[in-house]
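S.K.: got a predicted structure plus its sequence, pasted below:
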Amino acid sequence: MKEETLWYIFLNASLINNFVLAYFLGICPFLGVSGKMETATKMGGAVTFVMIISSVCAYGIHALLVAVNAPFLQLISYIVVIASTVQLVEMFIKKMSPTLFRALGIFLPLITTNCAILGLALFQTNKGYGFVESFVYALGAGAGFTLALVLIAGLREQLNLADVPNVVKGTALTLLIAGILSLTFMGFAGLGSQ
Amino acid sequence: MSDQSVKKGESGFLATLKGSPSTDEFIKGLWKDNPVFVQVLGMCPVLAVSNTAINALAMGLATTFVMLMSNILVSSLRNFIPKQVRIASYILIIATFVTITDYMIAFISVELHKALGAFISLIVVNCLILSRAEAFASKNTIGKSILDALGMGVGFTFALFCLGAVREILGNGTFFDMAILPGSFQEWIVMILPAGGFFTLAIWLLIFNAAKAKKATA
């Protein structure tokens, strides 16, 4: 396999293999909070932040677990780190912006069970990324997640004005849009390969 | 865990088996509260590993196993876990069983383990399991929790299988790796691709919604 440049890692995580549209990670918040543009952007920001912290921590934990030869603890320690980071972000947002705190509602603590974050930690371990690479990978994944969320939110805001049959309204419609977006993102395949 | 609580759970189990509501706990997961089609929970594995029927089935069974075990443990410890740290404790319990499942699948079939990849580990963050632990097992007896987990698990597996079968037949022309469509059939490659997952699920949801709307007007 060829050497991956940092730029390629970023492109790969954000566009080519977008976490939401190609790996199906983080679908729950994707369907849940994508109704409004403003909430979507902030949710994206919060998730990106948690991703970066937990990705850096996961790198450290992996090194430690390899040193003490206990790979079966990997999953448990990752999830603990993610849960505590989310708790931290929750306290931070509650203090800084109570309005945003209410807007995100139940989806804020649910970032813990956002598969995109645990998926990121597991993928970077499988790929054997180093410290800087992990950081860039998390940044790309966060950017990709936010991009997908904002795109869907924009489309859904427009669709609120359209006359949609009752049966299609809700999740089914969002999934159809997501499918079309996913097709569009396939156009990015091959980007960045020399 | 004391012996007493286990005994109490067992007698509760027998009692619920005799009473009629026990079947409700099981049936509701299959249809009325189907985790995928009605509650729309646990979407990530549903979409990601439903590209073939066998993957979908394996994923459904693994999830059911984790849900069953974690429901049993959460339910039996429900009087001992402090309220403030309950979510963290549930996640730790779930993570333990997922680790066990992960090693078990690797032992049974290396090929399957490779096909499911990171998605076995990602069962930890399946919102469905945590929501059953929080909404049901933490408030009910062991017997009821077992039935609830089995019902939800079978409902989840059924939904995954519905998606996997459609995607494999249309996208590959096969069903459980056996060719069932004539050779002249042009495969719909899009069905195996990520986009196909979204489309298939959307169409299943449409069918469910239409059936519900028809029932409401009838």
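M.R.: Cool, got the structure. Numbering: from 1, shown residues only, chains lettered A, B, ... in the order given.

S.K.: skip the chain neighbours and tell me the closest residue to the closest residue to chain B within chain A.
M.R.: Taking C-beta to the nearest C-beta, chain B has its nearest neighbour within chain A at A:Gly179, 3.3 Å off. The C-beta positions use only the backbone N, C-alpha and C, and glycine is treated the same way. Leaving out its chain neighbours, the residue that sits closest to A:Gly179 by C-beta to C-beta, 6 or more residues apart in numbering or on different chains is B:Phe198, at 3.3 Å.

S.K.: pLDDT on the host helix or strand of that neighbour, on average?
M.R.: For B:Phe198, the host element (DSSP states H and E) is helix B:194-217. Averaged across helix B:194-217, pLDDT comes to 85.

S.K.: which residue would be the closest one in chain B to chain A?
M.R.: B:Phe198 (3.3 Å).

S.K.: poorly predicted segments of chain B, please.
M.R.: Counting by pLDDT under 70, the ranges of chain B that qualify are B:1-22.

S.K.: check contacts around A:Lys94.
M.R.: Going by C-beta atoms under 8 Å, 6 or more residues apart in numbering or on different chains, A:Lys94 touches A:Phe101.

S.K.: what's the longest helix in chain A?
M.R.: Longest helix of chain A, by residue count under DSSP state H: helix A:37-68.

S.K.: pLDDT-wise, which helix or strand of chain A ranks last?
M.R.: One helix or strand of chain A scores below all others by mean pLDDT, DSSP states H and E: helix A:27-32, with a mean of 77.

S.K.: what is that one packed up against?
M.R.: helix A:131-159, helix A:171-185, helix B:43-48 (3 or more C-beta pairs under 8 Å, 6 or more residues apart in numbering or on different chains; DSSP states H and E).

S.K.: before we move on, the earlier item: neighbours around the residue nearest to A:Gly179, how many?
M.R.: A count of nearby residues for B:Phe198, using other C-beta atoms under 10 Å in any protein chain shown, gives 25.

S.K.: distance from the least confident helix or strand of chain A to the middle of the chain?
M.R.: Centroid displacement of helix A:27-32 relative to its chain, using C-alpha atoms, centre = their mean, to the nearest Å, is 10 Å.

S.K.: how about stretch A:126-140?
M.R.: Distance, centroid of stretch A:126-140 to centroid of chain: 14 Å (C-alpha atoms, centre = their mean).

S.K.: ok, and what's touching it?
M.R.: Identification of contacts with stretch A:126-140 by C-beta under 8 Å, 6+ apart yields A:4, A:6, A:9-14, A:48, A:51-52, A:54-56, A:58-59, A:120, A:123-124, B:118.

S.K.: so in chain B, which helix runs the longest?
M.R.: helix B:142-172.

S.K.: buried ones in that one?
M.R.: Across helix B:142-172, burial judged by 16 or more other C-beta atoms under 10 Å in any protein chain shown covers B:142-172.

S.K.: list the helices and strands the next helix or strand after it packs on?
M.R.: Where DSSP H and E defines the elements, the next helix or strand beyond helix B:142-172 is strand B:174-175. Helices and strands touching strand B:174-175, as assessed by 3+ C-beta pairs under 8 Å, 6+ apart, comprise helix B:142-172.

S.K.: tell me if the helix it packs on is near chain A.
M.R.: No - counting by C-beta under 8 Å from any C-beta of the partner chain, no contacts exist between helix B:142-172 and chain A, the nearest distance being 11.6 Å.

S.K.: which stretches of chain A aren't confidently modelled?
M.R.: The low-confidence ranges in chain A, as defined by pLDDT under 70, are A:1-3, A:106-107, A:192-194.

S.K.: how many neighbours does residue 138 have?
M.R.: All of this refers to chain A. Neighbour count of A:Ala138, defined by other C-beta under 10 Å: 27.

S.K.: meant chain B, my bad for not saying
M.R.: So B:Ser138, with other C-beta under 10 Å, has 21 neighbours.

S.K.: same question, B:Lys114
M.R.: When counting by other C-beta under 10 Å, one arrives at 9 neighbours for B:Lys114.

S.K.: what parts of chain B come near chain A?
M.R.: So far as C-beta under 8 Å from any C-beta goes, chain B lies against chain A at B:40-41, B:43-44, B:47-48, B:87-88, B:91-92, B:95-96, B:98-99, B:102-103, B:118, B:121-122, B:124-127, B:130, B:190, B:193-199, B:201-202, B:205-206, B:209-210, B:213.
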